[in-house]
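Engineer: 3D, please:
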Amino acid sequence: MIVVTTLEISGREITETLGIVQGNSVRARGIGRDLMAGLRSIKGGEVREYAELLAQARHEAVERMVAHAESLGADAVVGTRYNAADVMQGVAELLAYGTAVRTSAKG
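Structural biologist: Modelled structure (predicted):
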């Protein structure tokens, strides 16, 4: 599955647009992670605990978006975007969305 943020794929032609696809991940911070992040924030720098949490959420959201696209018979997703929103204190949703398409080689 090709997943791109662009609206075109180099070397391929979009032959059919199948519709919007999406995948999401809702994650909660844990107390242990919050304690480590709090200590790390005192000295400054990257808060690895939250960076890892967001990376996992992005990966899971994209996997779910790809599964949605595959269920429609797509071989690519174009115009991929991310959105994050708070659900409640300490809980956030990461949404990946784009347009499922079928493609063929140009030429």
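
Engineer: so what does the longest strand along the chain touch, helix or strand wise?
Structural biologist: Ranked by number of residues, the top strand in the chain under DSSP state E is strand 12-28. If you count contacts as 3 or more CB pairs under 8 Å, 6 or more residues apart in numbering; DSSP states H and E, strand 12-28 packs onto helix 48-71, strand 76-88, strand 91-105. Backbone N, C-alpha and C define where each C-beta goes, glycine included.

Engineer: Any chance of these in CSV with mean neighbour count, mean pLDDT and distance to R12 as columns?
Structural biologist: Output for the helices and strands packed on strand 12-28, formatted as CSV (neighbours: other CB atoms under 10 Å; pLDDT from 0 to 100; distance: least, CB to CB, whole Å):
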stretch, mean neighbour count, mean pLDDT, distance to R12
helix 48-71, 17, 92, 15
strand 76-88, 15, 94, 7
strand 91-105, 18, 95, 4
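
Engineer: For these, give me TSV that also has distance to T15.
Structural biologist: TSV is the format used below for the helices and strands packed on strand 12-28 (distance: least, CB to CB, whole Å):
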stretch	distance to T15
helix 48-71	15
strand 76-88	10
strand 91-105	5
